[in-house]
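> Please work out how this folds:
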Amino acid sequence: MAPETEAFDVVIIGGGPGGYAAALYGASAGLSVAMIEMEKVGGTCLHRGCIPAKEFLETAAVWRTVASAAEFGVSAEAPTLDFAVSQARKQSVVDLLTKGLTGVLANRSVTVLSGRGRLTAPGQVTVTEGIDAGRCVIAPSIILATGSVPRTLPGLEVDGQLVVTSDEFLDLDHLPSSAAVVGGGAIGCEFASMLSDLGVAVTIVEGLPTILAACDADVVAQISRSFKKRKIAMITSAVVTGHTRGSSGSSTALAIEGRESLEVEMIVVSVGRRPLTDGVVDSAIGVEIDDRGFIVADGRMRTAATGVWAVGDVVAGTPQLAHVAFAEAMVAIKDILGEEPTPVDYLRVPWAIYCHPEVAFAGLTEVLAIEMGYDVVTKKDPYGGNGRARIIGDTEGMVKVVAARGPDGRAGQVLGVHMVGPWVTEQLGAGYLAVNWEALVDEVAGLIQPHPSLSETFGETMIALTGRGLHVG
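Okay, the predicted model is just below:
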(Lines give C-alpha, C1' and ligand atoms only; values in the text may rest on other atoms or scores of the structure.)
Protein backbone atom coordinates (compact mmCIF):
# COMPACT_ATOMS: atom_id res chain seq x y z
CA MET A 1 0.00 0.00 0.00
CA ALA A 2 1.46 3.37 -1.03
CA PRO A 3 2.06 5.89 1.78
CA GLU A 4 -0.43 8.70 2.16
CA THR A 5 0.85 11.93 0.66
CA GLU A 6 0.53 15.50 1.91
CA ALA A 7 0.46 18.30 -0.64
CA PHE A 8 2.26 21.66 -0.37
CA ASP A 9 3.27 24.48 -2.70
CA VAL A 10 6.97 24.00 -1.88
CA VAL A 11 8.91 21.16 -0.26
CA ILE A 12 12.44 21.87 0.97
CA ILE A 13 15.02 19.19 1.76
CA GLY A 14 17.36 20.62 4.39
CA GLY A 15 16.80 23.00 7.29
CA GLY A 16 20.03 24.99 7.31
CA PRO A 17 20.36 28.65 6.28
CA GLY A 18 19.33 28.01 2.67
CA GLY A 19 16.47 25.75 3.62
CA TYR A 20 14.94 27.72 6.46
CA ALA A 21 15.39 31.03 4.62
CA ALA A 22 13.47 29.59 1.66
CA ALA A 23 10.80 28.29 4.03
CA LEU A 24 10.35 31.60 5.83
CA TYR A 25 10.49 33.71 2.68
CA GLY A 26 8.08 31.43 0.87
CA ALA A 27 5.66 31.31 3.79
CA SER A 28 5.76 35.12 3.98
CA ALA A 29 4.59 35.16 0.36
CA GLY A 30 1.62 32.94 1.19
CA LEU A 31 3.04 29.61 0.00
CA SER A 32 2.35 26.41 1.92
CA VAL A 33 5.75 24.98 2.82
CA ALA A 34 7.13 21.71 4.19
CA MET A 35 10.77 21.45 5.25
CA ILE A 36 12.59 18.20 6.01
CA GLU A 37 15.63 18.30 8.30
CA MET A 38 17.56 15.24 9.46
CA GLU A 39 18.98 16.86 12.61
CA LYS A 40 18.07 20.29 14.02
CA VAL A 41 16.74 23.32 12.21
CA GLY A 42 19.50 25.85 11.67
CA GLY A 43 21.90 23.35 10.13
CA THR A 44 25.67 23.55 10.26
CA CYS A 45 25.76 27.35 10.60
CA LEU A 46 23.79 27.40 13.82
CA HIS A 47 24.98 24.17 15.42
CA ARG A 48 28.50 23.39 14.17
CA GLY A 49 29.71 26.45 12.27
CA CYS A 50 29.17 30.20 12.26
CA ILE A 51 27.45 30.72 15.60
CA PRO A 52 29.44 28.39 17.91
CA ALA A 53 32.76 29.31 16.29
CA LYS A 54 32.13 33.02 16.72
CA GLU A 55 31.15 32.47 20.36
CA PHE A 56 34.60 31.00 20.98
CA LEU A 57 36.20 33.88 19.07
CA GLU A 58 34.30 36.24 21.38
CA THR A 59 35.75 34.34 24.34
CA ALA A 60 39.17 35.12 22.87
CA ALA A 61 38.21 38.79 22.49
CA VAL A 62 37.15 38.99 26.14
CA TRP A 63 40.45 37.37 27.11
CA ARG A 64 42.38 40.04 25.18
CA THR A 65 40.33 42.80 26.77
CA VAL A 66 40.96 41.59 30.31
CA ALA A 67 44.64 40.95 29.60
CA SER A 68 45.11 44.56 28.45
CA ALA A 69 42.85 46.18 31.05
CA ALA A 70 45.76 47.79 32.88
CA GLU A 71 46.42 50.01 29.86
CA PHE A 72 43.06 51.66 30.58
CA GLY A 73 43.74 52.05 34.28
CA VAL A 74 41.53 49.10 35.17
CA SER A 75 43.08 46.68 37.64
CA ALA A 76 42.33 43.04 36.90
CA GLU A 77 44.05 39.80 37.70
CA ALA A 78 45.73 37.93 34.88
CA PRO A 79 42.91 36.04 33.09
CA THR A 80 42.55 32.30 33.33
CA LEU A 81 40.37 30.15 31.12
CA ASP A 82 37.73 27.57 31.95
CA PHE A 83 36.91 26.42 28.44
CA ALA A 84 34.07 24.24 29.70
CA VAL A 85 32.27 27.43 30.81
CA SER A 86 32.75 28.95 27.37
CA GLN A 87 31.46 25.71 25.86
CA ALA A 88 28.36 25.91 28.05
CA ARG A 89 27.79 29.54 27.09
CA LYS A 90 28.14 28.61 23.43
CA GLN A 91 25.53 25.94 23.80
CA SER A 92 23.12 28.28 25.57
CA VAL A 93 23.45 30.78 22.70
CA VAL A 94 22.84 28.01 20.14
CA ASP A 95 19.88 26.60 22.07
CA LEU A 96 18.25 30.03 22.41
CA LEU A 97 18.63 30.76 18.70
CA THR A 98 17.34 27.29 17.82
CA LYS A 99 14.27 27.83 19.97
CA GLY A 100 13.68 31.20 18.33
CA LEU A 101 14.01 29.78 14.82
CA THR A 102 11.70 26.89 15.63
CA GLY A 103 9.12 29.36 16.92
CA VAL A 104 9.32 31.57 13.82
CA LEU A 105 8.86 28.53 11.55
CA ALA A 106 5.82 27.47 13.56
CA ASN A 107 4.36 30.99 13.49
CA ARG A 108 4.69 31.00 9.69
CA SER A 109 2.88 27.62 9.55
CA VAL A 110 5.89 25.84 8.03
CA THR A 111 5.52 22.07 8.43
CA VAL A 112 8.85 20.70 9.69
CA LEU A 113 9.46 16.97 9.25
CA SER A 114 12.27 15.20 11.07
CA GLY A 115 14.31 12.81 9.00
CA ARG A 116 16.29 12.41 5.80
CA GLY A 117 14.45 13.57 2.70
CA ARG A 118 14.86 11.97 -0.72
CA LEU A 119 13.44 13.19 -4.01
CA THR A 120 12.03 9.87 -5.21
CA ALA A 121 9.88 11.04 -8.14
CA PRO A 122 9.08 14.34 -9.85
CA GLY A 123 7.45 16.53 -7.22
CA GLN A 124 7.58 13.81 -4.56
CA VAL A 125 9.81 13.66 -1.48
CA THR A 126 9.90 10.69 0.86
CA VAL A 127 11.26 10.82 4.40
CA THR A 128 13.55 7.79 4.56
CA GLU A 129 14.94 8.01 8.10
CA GLY A 130 14.20 9.66 11.41
CA ILE A 131 11.05 10.31 13.40
CA ASP A 132 8.93 10.97 10.31
CA ALA A 133 10.33 8.12 8.22
CA GLY A 134 7.77 6.86 5.72
CA ARG A 135 5.92 10.13 5.29
CA CYS A 136 5.59 11.38 1.74
CA VAL A 137 5.07 14.98 0.66
CA ILE A 138 4.36 16.34 -2.80
CA ALA A 139 4.72 19.78 -4.36
CA PRO A 140 5.16 21.34 -7.79
CA SER A 141 8.33 23.02 -6.51
CA ILE A 142 11.18 21.26 -4.68
CA ILE A 143 14.21 23.03 -3.21
CA LEU A 144 17.37 21.06 -2.41
CA ALA A 145 19.26 22.64 0.49
CA THR A 146 21.13 19.73 2.05
CA GLY A 147 24.31 21.65 2.86
CA SER A 148 27.79 20.31 3.43
CA VAL A 149 30.12 18.60 5.90
CA PRO A 150 33.84 19.13 6.63
CA ARG A 151 36.34 17.55 4.28
CA THR A 152 39.49 15.85 5.47
CA LEU A 153 42.68 14.60 3.82
CA PRO A 154 44.00 11.09 3.22
CA GLY A 155 45.98 10.04 6.26
CA LEU A 156 44.14 12.48 8.53
CA GLU A 157 41.21 10.31 9.55
CA VAL A 158 39.17 12.06 12.22
CA ASP A 159 39.19 10.39 15.65
CA GLY A 160 37.73 13.26 17.68
CA GLN A 161 40.80 13.50 19.92
CA LEU A 162 44.10 13.86 18.06
CA VAL A 163 42.53 14.73 14.72
CA VAL A 164 39.38 16.86 14.59
CA THR A 165 37.39 18.97 12.16
CA SER A 166 35.32 21.98 13.14
CA ASP A 167 32.48 19.59 14.09
CA GLU A 168 34.47 17.85 16.82
CA PHE A 169 36.42 20.92 17.90
CA LEU A 170 33.28 22.83 18.73
CA ASP A 171 32.32 20.13 21.24
CA LEU A 172 35.61 20.15 23.19
CA ASP A 173 35.53 21.02 26.88
CA HIS A 174 39.27 21.76 27.09
CA LEU A 175 41.98 23.06 24.81
CA PRO A 176 45.24 21.38 23.78
CA SER A 177 48.57 23.01 24.61
CA SER A 178 49.60 22.90 20.95
CA ALA A 179 47.79 22.49 17.65
CA ALA A 180 48.40 22.31 13.92
CA VAL A 181 45.63 23.89 11.88
CA VAL A 182 45.69 22.21 8.47
CA GLY A 183 44.24 24.76 6.07
CA GLY A 184 44.86 28.50 6.06
CA GLY A 185 41.58 29.71 4.62
CA ALA A 186 38.96 31.72 6.47
CA ILE A 187 37.95 28.98 8.92
CA GLY A 188 41.52 27.85 9.53
CA CYS A 189 42.66 31.40 10.30
CA GLU A 190 39.74 31.91 12.67
CA PHE A 191 40.62 28.74 14.60
CA ALA A 192 44.32 29.62 14.65
CA SER A 193 43.64 33.13 15.91
CA MET A 194 41.29 31.97 18.64
CA LEU A 195 43.61 29.18 19.82
CA SER A 196 46.60 31.51 19.91
CA ASP A 197 44.73 34.14 21.92
CA LEU A 198 43.81 31.48 24.48
CA GLY A 199 47.37 30.31 24.99
CA VAL A 200 47.70 27.43 22.52
CA ALA A 201 50.91 27.16 20.47
CA VAL A 202 49.60 27.18 16.88
CA THR A 203 51.01 26.35 13.48
CA ILE A 204 49.01 26.89 10.30
CA VAL A 205 49.83 24.38 7.56
CA GLU A 206 48.59 25.51 4.15
CA GLY A 207 48.95 23.80 0.78
CA LEU A 208 48.83 27.03 -1.24
CA PRO A 209 51.67 29.60 -1.35
CA THR A 210 49.79 31.91 1.02
CA ILE A 211 47.12 31.89 3.68
CA LEU A 212 43.77 33.52 2.86
CA ALA A 213 44.36 32.99 -0.85
CA ALA A 214 41.01 34.57 -1.82
CA CYS A 215 41.90 37.87 -0.15
CA ASP A 216 43.65 40.92 -1.54
CA ALA A 217 47.44 40.65 -1.28
CA ASP A 218 47.68 43.68 1.03
CA VAL A 219 45.18 42.10 3.42
CA VAL A 220 47.14 38.83 3.40
CA ALA A 221 50.34 40.72 4.16
CA GLN A 222 48.70 42.52 7.10
CA ILE A 223 47.30 39.31 8.60
CA SER A 224 50.58 37.46 8.07
CA ARG A 225 52.48 40.20 9.92
CA SER A 226 49.97 40.15 12.74
CA PHE A 227 50.06 36.38 13.07
CA LYS A 228 53.87 36.32 13.11
CA LYS A 229 53.91 39.00 15.81
CA ARG A 230 51.58 36.80 17.86
CA LYS A 231 53.89 33.82 17.28
CA ILE A 232 51.43 31.93 15.07
CA ALA A 233 53.73 29.87 12.85
CA MET A 234 52.80 29.45 9.18
CA ILE A 235 53.99 26.75 6.81
CA THR A 236 52.80 27.34 3.25
CA SER A 237 53.11 25.32 0.02
CA ALA A 238 52.93 22.29 2.31
CA VAL A 239 51.94 18.77 1.30
CA VAL A 240 50.49 16.89 4.29
CA THR A 241 50.92 13.14 4.00
CA GLY A 242 49.36 11.95 7.26
CA HIS A 243 50.26 11.66 10.92
CA THR A 244 52.00 9.20 13.19
CA ARG A 245 52.14 8.53 16.92
CA GLY A 246 53.86 11.28 18.85
CA SER A 247 56.49 10.94 21.57
CA SER A 248 53.72 10.76 24.16
CA GLY A 249 50.27 9.21 24.18
CA SER A 250 48.68 12.63 24.11
CA SER A 251 50.49 13.92 21.01
CA THR A 252 50.69 13.22 17.32
CA ALA A 253 53.23 14.03 14.63
CA LEU A 254 51.92 15.69 11.48
CA ALA A 255 53.87 14.45 8.45
CA ILE A 256 54.71 17.16 5.89
CA GLU A 257 56.49 16.26 2.67
CA GLY A 258 60.10 17.47 2.65
CA ARG A 259 59.98 18.66 6.27
CA GLU A 260 60.44 17.32 9.75
CA SER A 261 57.24 16.09 11.37
CA LEU A 262 55.37 18.63 13.45
CA GLU A 263 54.51 17.25 16.88
CA VAL A 264 51.36 18.69 18.46
CA GLU A 265 48.59 17.66 20.82
CA MET A 266 45.87 18.18 18.23
CA ILE A 267 45.44 18.49 14.47
CA VAL A 268 42.52 20.69 13.40
CA VAL A 269 41.61 19.90 9.80
CA SER A 270 40.15 22.89 7.97
CA VAL A 271 40.41 22.16 4.25
CA GLY A 272 36.94 23.04 3.04
CA ARG A 273 33.61 21.26 2.93
CA ARG A 274 32.03 18.67 0.69
CA PRO A 275 28.38 18.72 -0.39
CA LEU A 276 25.77 16.39 1.05
CA THR A 277 24.19 14.97 -2.07
CA ASP A 278 24.49 11.21 -1.55
CA GLY A 279 21.05 9.61 -1.65
CA VAL A 280 19.20 12.94 -1.89
CA VAL A 281 17.89 12.62 -5.45
CA ASP A 282 16.83 9.57 -7.42
CA SER A 283 19.04 9.37 -10.51
CA ALA A 284 16.01 9.25 -12.81
CA ILE A 285 14.91 12.76 -11.74
CA GLY A 286 17.51 14.46 -13.93
CA VAL A 287 19.25 16.74 -11.42
CA GLU A 288 22.81 17.28 -12.65
CA ILE A 289 25.54 16.57 -10.08
CA ASP A 290 29.15 17.38 -11.00
CA ASP A 291 32.21 15.21 -10.44
CA ARG A 292 32.79 16.78 -7.02
CA GLY A 293 29.27 16.00 -5.83
CA PHE A 294 27.83 19.51 -6.16
CA ILE A 295 24.44 20.22 -7.73
CA VAL A 296 24.57 22.33 -10.88
CA ALA A 297 22.11 25.26 -10.88
CA ASP A 298 21.65 28.40 -12.96
CA GLY A 299 21.31 32.03 -11.90
CA ARG A 300 17.72 31.46 -10.80
CA MET A 301 18.88 28.44 -8.75
CA ARG A 302 17.07 26.08 -11.14
CA THR A 303 18.58 22.64 -11.59
CA ALA A 304 18.45 20.60 -14.81
CA ALA A 305 15.23 18.96 -13.57
CA THR A 306 11.98 20.84 -14.07
CA GLY A 307 10.47 22.00 -10.79
CA VAL A 308 13.67 21.48 -8.78
CA TRP A 309 15.84 24.29 -7.37
CA ALA A 310 19.01 24.11 -5.25
CA VAL A 311 20.48 26.63 -2.79
CA GLY A 312 23.36 26.92 -0.34
CA ASP A 313 26.55 24.93 0.13
CA VAL A 314 25.29 22.11 -2.08
CA VAL A 315 25.37 24.28 -5.23
CA ALA A 316 28.39 24.15 -7.56
CA GLY A 317 30.53 27.26 -7.94
CA THR A 318 29.09 29.33 -5.12
CA PRO A 319 30.78 30.63 -1.94
CA GLN A 320 29.87 28.42 1.01
CA LEU A 321 28.54 31.27 3.13
CA ALA A 322 25.32 31.34 5.12
CA HIS A 323 24.36 34.80 3.86
CA VAL A 324 24.85 33.65 0.28
CA ALA A 325 22.48 30.76 1.01
CA PHE A 326 19.93 33.30 2.33
CA ALA A 327 20.21 35.30 -0.89
CA GLU A 328 19.95 32.20 -3.10
CA ALA A 329 16.88 31.06 -1.17
CA MET A 330 15.11 34.34 -1.91
CA VAL A 331 16.08 34.08 -5.60
CA ALA A 332 14.61 30.55 -5.76
CA ILE A 333 11.33 31.54 -4.07
CA LYS A 334 10.94 34.59 -6.30
CA ASP A 335 11.45 32.37 -9.33
CA ILE A 336 8.86 29.90 -8.02
CA LEU A 337 6.44 32.81 -7.59
CA GLY A 338 6.97 33.82 -11.22
CA GLU A 339 8.78 37.01 -10.37
CA GLU A 340 12.01 38.23 -12.00
CA PRO A 341 14.75 37.62 -9.43
CA THR A 342 18.16 39.18 -9.81
CA PRO A 343 20.79 36.41 -9.71
CA VAL A 344 23.38 36.56 -6.94
CA ASP A 345 26.59 38.22 -8.17
CA TYR A 346 29.15 35.97 -6.52
CA LEU A 347 32.06 38.33 -7.29
CA ARG A 348 30.39 41.00 -5.17
CA VAL A 349 29.13 39.14 -2.10
CA PRO A 350 30.38 40.29 1.31
CA TRP A 351 32.98 38.19 3.11
CA ALA A 352 33.66 38.34 6.84
CA ILE A 353 36.54 36.55 8.58
CA TYR A 354 36.55 36.80 12.37
CA CYS A 355 40.21 36.23 13.19
CA HIS A 356 42.11 38.98 15.02
CA PRO A 357 42.45 41.41 13.37
CA GLU A 358 39.20 40.88 11.48
CA VAL A 359 38.95 40.78 7.69
CA ALA A 360 36.01 41.93 5.56
CA PHE A 361 35.73 42.56 1.85
CA ALA A 362 33.41 42.82 -1.11
CA GLY A 363 34.18 42.98 -4.80
CA LEU A 364 37.38 42.53 -6.77
CA THR A 365 40.90 42.30 -5.41
CA GLU A 366 43.48 44.47 -7.11
CA VAL A 367 44.99 41.48 -8.92
CA LEU A 368 41.63 40.16 -10.11
CA ALA A 369 40.52 43.58 -11.32
CA ILE A 370 43.69 43.89 -13.41
CA GLU A 371 43.24 40.34 -14.75
CA MET A 372 39.72 41.30 -15.81
CA GLY A 373 41.10 44.17 -17.86
CA TYR A 374 40.51 47.17 -15.59
CA ASP A 375 42.95 50.04 -15.32
CA VAL A 376 42.84 50.42 -11.56
CA VAL A 377 43.48 53.10 -8.98
CA THR A 378 43.97 51.99 -5.37
CA LYS A 379 44.28 53.70 -2.02
CA LYS A 380 45.10 52.37 1.45
CA ASP A 381 44.48 54.07 4.77
CA PRO A 382 45.73 52.58 8.06
CA TYR A 383 43.68 52.53 11.24
CA GLY A 384 46.64 53.99 13.13
CA GLY A 385 45.37 57.51 12.43
CA ASN A 386 41.78 56.75 13.40
CA GLY A 387 40.70 58.41 16.65
CA ARG A 388 38.25 55.69 17.68
CA ALA A 389 40.83 52.98 17.00
CA ARG A 390 43.26 54.81 19.28
CA ILE A 391 40.59 55.12 21.96
CA ILE A 392 39.82 51.40 22.00
CA GLY A 393 43.52 50.53 21.73
CA ASP A 394 43.20 48.51 18.53
CA THR A 395 44.97 50.23 15.62
CA GLU A 396 46.25 47.29 13.60
CA GLY A 397 44.88 47.17 10.06
CA MET A 398 43.84 49.25 7.10
CA VAL A 399 41.16 49.96 4.48
CA LYS A 400 41.98 49.47 0.82
CA VAL A 401 39.75 50.58 -2.04
CA VAL A 402 40.15 49.34 -5.61
CA ALA A 403 38.57 51.59 -8.24
CA ALA A 404 38.48 51.75 -12.02
CA ARG A 405 40.37 54.64 -13.58
CA GLY A 406 37.96 56.93 -15.41
CA PRO A 407 38.47 58.64 -18.79
CA ASP A 408 39.84 61.69 -16.98
CA GLY A 409 42.48 59.60 -15.21
CA ARG A 410 40.79 59.90 -11.82
CA ALA A 411 39.30 57.13 -9.71
CA GLY A 412 35.84 56.19 -10.98
CA GLN A 413 33.67 53.15 -10.21
CA VAL A 414 34.35 51.36 -6.93
CA LEU A 415 35.35 47.77 -7.78
CA GLY A 416 36.41 46.41 -4.41
CA VAL A 417 36.60 47.35 -0.73
CA HIS A 418 39.01 45.42 1.50
CA MET A 419 39.28 45.91 5.24
CA VAL A 420 41.44 44.42 7.95
CA GLY A 421 41.26 45.74 11.49
CA PRO A 422 38.97 46.31 14.49
CA TRP A 423 35.33 45.35 13.94
CA VAL A 424 35.62 45.58 10.16
CA THR A 425 33.01 42.83 9.81
CA GLU A 426 30.54 45.39 11.17
CA GLN A 427 31.84 48.20 8.93
CA LEU A 428 31.64 46.54 5.51
CA GLY A 429 28.04 47.55 4.81
CA ALA A 430 28.92 50.87 3.18
CA GLY A 431 31.64 49.25 1.09
CA TYR A 432 29.34 46.45 0.01
CA LEU A 433 26.69 48.95 -1.09
CA ALA A 434 29.28 51.00 -2.97
CA VAL A 435 30.50 47.96 -4.89
CA ASN A 436 27.07 46.53 -5.67
CA TRP A 437 25.49 49.86 -6.65
CA GLU A 438 28.49 50.46 -8.93
CA ALA A 439 28.98 53.77 -7.16
CA LEU A 440 31.65 56.26 -8.17
CA VAL A 441 34.39 57.23 -5.75
CA ASP A 442 33.24 60.87 -5.84
CA GLU A 443 29.73 59.83 -4.82
CA VAL A 444 30.88 57.73 -1.86
CA ALA A 445 33.41 60.36 -0.78
CA GLY A 446 30.54 62.82 -0.37
CA LEU A 447 28.90 60.71 2.33
CA ILE A 448 29.45 61.89 5.91
CA GLN A 449 30.94 59.44 8.42
CA PRO A 450 30.29 59.98 12.14
CA HIS A 451 33.19 61.18 14.28
CA PRO A 452 34.88 59.60 16.08
CA SER A 453 34.14 56.25 14.49
CA LEU A 454 36.06 53.37 12.96
CA SER A 455 34.08 53.91 9.75
CA GLU A 456 35.86 57.22 9.23
CA THR A 457 38.81 55.29 7.81
CA PHE A 458 36.61 54.03 4.97
CA GLY A 459 35.39 57.56 4.32
CA GLU A 460 38.91 59.02 4.47
CA THR A 461 40.16 56.45 1.96
CA MET A 462 37.41 57.40 -0.46
CA ILE A 463 38.11 61.13 -0.03
CA ALA A 464 41.82 60.52 -0.64
CA LEU A 465 40.96 58.71 -3.89
CA THR A 466 39.33 61.90 -5.19
CA GLY A 467 42.75 63.55 -5.00
CA ARG A 468 41.83 65.88 -2.16
CA GLY A 469 42.54 63.88 0.96
CA LEU A 470 42.07 65.23 4.45
CA HIS A 471 44.34 63.33 6.83
CA VAL A 472 45.48 60.89 4.13
CA GLY A 473 47.50 62.14 1.16
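> quick one: low-confidence parts of this protein?
By pLDDT under 70, the low-scoring segments of the chain are 1-3, 472-473.
> Geometric centre of it: which residue is closest?
When C-alpha atoms, centre = their mean is applied to the chain, the residue found nearest the centroid is Leu321 (4.4 Å).
> List of residues touching the longest helix along the chain?
Secondary structure of the chain per DSSP state H: the longest helix is helix 83-107. Outside helix 83-107, the residues that touch it by C-beta atoms under 8 Å, 6 or more residues apart in numbering are 20, 23-24, 35, 40-42, 46-47, 51-52, 55-56, 59, 112, 170-175, 198. Heads up, the C-betas are built off the backbone N, CA and C, glycines and all.
> any idea which helix or strand carries Glu77?
If you go by DSSP states H and E, Glu77 is not part of any helix or strand.
> quick one: it from Ala70, how far?
Here the criterion is C-beta to C-beta, to the nearest Å. By it, Glu77 lies 11 Å from Ala70.
> between the two, which one's more packed in?
Between Glu77 and Ala70, counting by other C-beta atoms under 10 Å, Ala70 is the more crowded of the two (11 against 7).
> For PyMOL, write the selection for the buried entries among the contacts of helix 83-107.
In PyMOL, the members of the contacts of helix 83-107 classed as buried (16 or more other C-beta atoms under 10 Å) are selected with the following command:
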select buried, resi 20+23+24+35+40+41+42+46+47+51+52+55+56+59+112+170+172+175+198
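> Narrow the contacts of helix 83-107 to those in strands?
Judged by DSSP state E, the contacts of helix 83-107 include 35, 112 as members of strands.
> How about the contacts made by the nearest residue to the residue nearest to the centre of the chain once chain neighbours are set aside?
Nearest residue to Leu321, sequence neighbours excluded (C-beta to C-beta, 6 or more residues apart in numbering): Val349, at 6.8 Å. By C-beta under 8 Å, 6+ apart, Val349 lies in contact with 319, 321, 323-324, 327, 362.
> got TSV for the residues you listed, with secondary structure too?
Listed next are these as TSV, based on DSSP: H, G, I helix; E, B strand; the rest coil:
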residue	secondary structure
Pro319	coil
Leu321	coil
His323	helix
Val324	helix
Ala327	helix
Ala362	strand
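> From these, list just the buried residues.
Buried members of those, scored by 16+ other C-beta under 10 Å, are 319, 321, 323-324, 327, 362.
> Using TSV, lay out those together with distance to Asp9.
Compiled in TSV, the buried ones among the contacts of Val349 are given as follows (distance: C-beta to C-beta, whole Å):
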residue	distance to Asp9
Pro319	29
Leu321	27
His323	25
Val324	24
Ala327	21
Ala362	34
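> could you point out which element follows the strand ranked longest in the chain?
Criterion DSSP E: the longest strand present in the chain is strand 411-421. Under the assignment DSSP H and E, the closest C-terminal helix or strand after strand 411-421 is helix 428-436.
> which secondary structure elements does that following helix contact?
Counting contacts by 3 or more C-beta pairs under 8 Å, 6 or more residues apart in numbering; DSSP states H and E, helix 428-436 packs against strand 358-363, strand 411-421.
> Pretty sure Arg388 sits in a strand.
No - with three-state DSSP as the criterion, Arg388 is located in helix rather than a strand.
> measure it to Thr236 for me?
Arg388 is 34 Å from Thr236, where distance means C-beta to C-beta.
> which of those two has more neighbours?
Just comparing Arg388 and Thr236: by other C-beta under 10 Å the higher neighbour count belongs to Arg388, 19 against 15.
> how far away is that one from Ser178?
For Arg388, the distance to Ser178 - C-beta to C-beta - is 36 Å.
> Neighbours of Asp167, how many?
For Asp167, the neighbour count with other C-beta under 10 Å is 15.
> ignore the last one, Val414
27.
> related to what we said a few turns ago, which secondary structure elements does the longest strand of the chain contact?
Using 3+ C-beta pairs under 8 Å, 6+ apart as the test, strand 411-421 ends up in contact with helix 217-229, strand 358-363, helix 366-371, strand 376-382, strand 398-405, helix 428-436, helix 441-445, helix 456-465.
> Neighbouring strands - and their directions - for the fifth one?
Within its sheet, and counting by DSSP bridges, strand 398-405 is paired with strand 376-382 (antiparallel), strand 411-421 (antiparallel).
> Mind putting those into JSON lines with distance to Val280?
Below are the strands paired with strand 398-405 laid out as JSON lines (distance: least, C-beta to C-beta, whole Å):
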{"stretch": "strand 376-382", "distance to Val280": "43"}
{"stretch": "strand 411-421", "distance to Val280": "36"}
